[in-house]
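Peer 1: need a structure here:
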Amino acid sequence: MPQVKIGDISLYYEVQGKGAPLLLIAGLGSDVASWALVTKKLASKFEVIIFDNRGCGRSELGKKECTVSQMADDALKLLGNLKISKAHILGHSMGGFIAQEIAIRHPERVDRLILESTSAVSSERNNMLFKKLYVQLVKEGHSEAWFKRWTEWLFAPETLANSSFINAFIKNSLTYCHLQSADGFKAQIKAIASFDLQDEISGIKAKTLVVEGTYDMLITPEEAQVLARDIPYSSFCLLDGVGHCIHFEDPRLFVNTVLDFLNAV
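Peer 2: Numbering: from 1, shown residues only. From the prediction side, this is the model:
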């Protein structure tokens, strides 16, 4: 399996397809598997690079304090290792935090930018929620109840009412062989808690799409709209009937939205 040495850690990654490079950056607690429903379709048009953020999946956490800036550096070093000087960047949730950091600090490395279900700052409510989820994780481990609590924040009401979908999601999560450790989760939520680019996102120069679900409970449509408003060359796309994990809940809708943006003149 592809591993690359990035600073103090070994980072896991995969590359699929040919074409202009498209880097996908996952959210809190998520690794390459989170993109499974969209990777093949995107890879039919682009060279898709997916990877596990430090402290998740098959990537090491390292001994240094984990920050969003550090995870952005990890992503850029991975691209450098792959001899990719510039790429489209797509970030989901925490991955959107990382993508913003890249676009602000290293605009020359970003072609087009897609920010899915994300904002320019992590809300205090979310920071408190993640801390409670961490306490539950330490107490119970990766229990059925822990994953069930997550579903309440990730999906739209109609999806939550689909018991076969939710049961399959929980079952697959419980049996996944690369579950994030409690230490990795703690490190990532600490990085999220200190993230705030509200005063800097006007410096993003890339053509940007902010895509959001009408039923997103973690990053509300209002928060995503503020993000789009404050990025100069951005458009806002509100997708009906989906929650926080658009690419998982409705992969076809998500892929079509992304391709329309990336292929537009």
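
Peer 1: From Lys83, how far out is the nearest residue to Gly213 once chain neighbours are set aside?
Peer 2: Leaving aside its chain neighbours, Gly213 sits nearest to Val242 (3.8 Å; criterion: C-beta to C-beta, 6 or more residues apart in numbering). C-beta coordinates here come from the backbone N, C-alpha and C atoms, glycine included. Distance, Val242 to Lys83, by C-beta to C-beta, to the nearest Å: 36 Å.

Peer 1: Between these two, which is the more surrounded one?
Peer 2: Val242 (25 against 7; other C-beta atoms under 10 Å).

Peer 1: where does this protein have low pLDDT?
Peer 2: For the chain, residues meeting the criterion pLDDT under 70 lie at 1.

Peer 1: If we use 90, what do you get?
Peer 2: The model of the chain has pLDDT under 90 over residues 1, 7-8, 63-65, 265.

Peer 1: For it, which segments count as helices?
Peer 2: 39-43, 68-81, 94-105, 124-140, 144-154, 157-160, 163-175, 182-193, 221-230, 246-249, 251-263 (DSSP state H).

Peer 1: Compare the ones you listed and give me the one nearest Tyr13.
Peer 2: helix 68-81 (5.9 Å; C-beta to C-beta).

Peer 1: Extract the C-alpha trace of that closest one and format it as PDB.
Peer 2: C-alpha atoms of helix 68-81 as PDB (Å, rounded to 0.1, in the frame of the first residue of the first chain):
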ATOM      1  CA  VAL A  68      -5.100  22.400  10.600                       C
ATOM      2  CA  SER A  69      -2.100  24.300   9.300                       C
ATOM      3  CA  GLN A  70       0.100  21.200   9.900                       C
ATOM      4  CA  MET A  71      -2.500  19.000   8.000                       C
ATOM      5  CA  ALA A  72      -2.400  21.500   5.200                       C
ATOM      6  CA  ASP A  73       1.300  21.100   5.000                       C
ATOM      7  CA  ASP A  74       0.900  17.300   5.000                       C
ATOM      8  CA  ALA A  75      -1.300  17.600   1.900                       C
ATOM      9  CA  LEU A  76       1.000  19.900   0.100                       C
ATOM     10  CA  LYS A  77       4.000  17.700   0.800                       C
ATOM     11  CA  LEU A  78       2.100  14.700  -0.500                       C
ATOM     12  CA  LEU A  79       1.400  16.600  -3.800                       C
ATOM     13  CA  GLY A  80       5.100  17.600  -3.900                       C
ATOM     14  CA  ASN A  81       6.100  14.000  -3.500                       C
END
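
Peer 1: List of residues touching that helix?
Peer 2: Applying C-beta atoms under 8 Å, 6 or more residues apart in numbering, the set of residues contacting helix 68-81 from outside is 4, 6-7, 9, 11, 13, 21, 23, 25, 49, 51, 53-54, 64, 85, 87, 94, 97-99, 101-102, 105-106, 109, 191-192, 194-195.

Peer 1: Appreciated, that's everything.
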